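J.: Provided below are the primary sequence and the corresponding predicted coordinates.
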Amino acid sequence: MTGNIATIITKLNKACDDMDFVSARVLIETNLVKLSEGKYYRLLNTNGQVLLKHILANSKNSQKGSNPLTRAELLIINRVNEYCTNFDIPMLKRTLKTSLELMQREEITPLLNSDAKIILHDMGALLGVNQLQ
């Protein structure tokens, strides 16, 4: 599928316009290095740019070796957010007692609301304050 970059960009833009994201993804993955350059990135349409950003972010996460959060872990994070919003400290402590390792992971910080970030930071439960050995 490699070839002239202009034809690749044309095919990619057409696939994105036709909502054929499977073939667009294949085109992006086979020409990832070229398409991520600024001069070629600007030639992509909006859907192509978003798809390229998504593929690049996904490849960075897979290179780190980090496991995606499971549904159970997302529910725990949701409960922590709820307890912090309601200022239910006893339930928050019970939840943290069983899932402190989850709170130490880097990828949960964007999922926490502002109340949870403040309370967990003050409690020392976030990664930046007390790291697990």
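T.: Yep, it's here.

J.: quick check: buried residues in the helix-or-strand element of the chain with minimal mean pLDDT?
T.: Lowest on mean pLDDT, DSSP states H and E among the helices and strands of the chain sits helix 46-64, with a mean of 80. Buried residues in helix 46-64, counting neighbours by 16 or more other C-beta atoms under 10 Å, are found at 47-48, 51-52, 55. Backbone N, C-alpha and C define where each C-beta goes, glycine included.

J.: closest one of these to Thr95?
T.: Ile55 (34.9 Å; C-beta to C-beta).

J.: now that closest one: closest residue in space, sequence neighbours ignored.
T.: Spatial nearest neighbour of Ile55, chain neighbours left out: Ile28 (5.4 Å); criterion: C-beta to C-beta, 6 or more residues apart in numbering.

J.: packing partners for the helix or strand containing that neighbour?
T.: Following DSSP states H and E, one finds Ile28 within helix 21-30. Helix 21-30 is packed against helix 5-17, helix 46-64, with contacts defined by 3 or more C-beta pairs under 8 Å, 6 or more residues apart in numbering; DSSP states H and E.

J.: got JSON lines for the buried residues of helix 46-64, with distance to Lys34 too?
T.: Shown next, in JSON lines, are these (distance: C-beta to C-beta, whole Å):
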{"residue": "Asn47", "distance to Lys34": "18"}
{"residue": "Gly48", "distance to Lys34": "13"}
{"residue": "Leu51", "distance to Lys34": "15"}
{"residue": "Leu52", "distance to Lys34": "11"}
{"residue": "Ile55", "distance to Lys34": "13"}
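
J.: so who does the residue nearest to Lys11 when sequence neighbours are not counted touch?
T.: Closest residue in space to Lys11, ignoring its immediate chain neighbours: Leu27 at 6.1 Å, by C-beta to C-beta, 6+ apart. Leu27 sits next to 1, 8, 11-12, 15 when contact means C-beta atoms under 8 Å, 6 or more residues apart in numbering.

J.: which of those tops the neighbour count?
T.: Leu12 (26 neighbours; other C-beta atoms under 10 Å).

J.: hmm, it is touching Gly48, no?
T.: Yes. Using C-beta atoms under 8 Å as the test, Leu12 is close enough to Gly48 to be in contact (5.3 Å).

J.: done for today, thanks.
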